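In: no sequence on this one, just coordinates:
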């Protein structure tokens, strides 16, 4: 499950570098990461989404 703490001012569960570069590429994680019930909604409310993430929500 992704975390709500921030890494460089970006919530960990919305940080592409943390999720892709570190978790999947550096650490070799091949599973999936889940959010809690309102994790994505809270990112939208806090305006921490990149254009790519916003597009994925559509």
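Out: All right, it came through fine. Quick caveat, the model's predicted, so the values are computed rather than measured. Numbers count the residues shown, from 1 in each chain.

In: what's the pLDDT at the most centrally placed residue in the chain?
Out: What sits nearest the mean C-alpha location of the chain, by C-alpha atoms, centre = their mean, is residue 14, with 2.3 Å. pLDDT for residue 14: 78.

In: pretty sure it is touching residue 44, no?
Out: No: contact criterion C-beta atoms under 8 Å: residue 14 and residue 44 do not qualify, at 9.6 Å. C-beta coordinates here come from the backbone N, C-alpha and C atoms, glycine included.

In: overlap in contacts of those two?
Out: Counting by C-beta atoms under 8 Å, 6 or more residues apart in numbering, no residue touches both residue 14 and residue 44.

In: in this protein, which helix or strand is least confident?
Out: Least confident helix or strand of the chain, by mean pLDDT, DSSP states H and E, is helix 51-57 with a mean of 63.

In: can you tell me the SS state at the residue of the chain positioned farthest from its centre?
Out: Counting by C-alpha atoms, centre = their mean, the extreme residue of the chain relative to its mean C-alpha position is residue 28, 17.1 Å from that point. Look at residue 28: counting by DSSP: H, G, I helix; E, B strand; the rest coil, its state is coil.

In: the chain should start at 42 in everything you say after this.
Out: OK, 42 is where the count begins now, so the last one is residue 69.

In: still on that earlier bit, which residue packs closest to the residue nearest to the centre of the chain, ignoring adjacent ones?
Out: residue 84 (4.7 Å; C-beta to C-beta, 6 or more residues apart in numbering).
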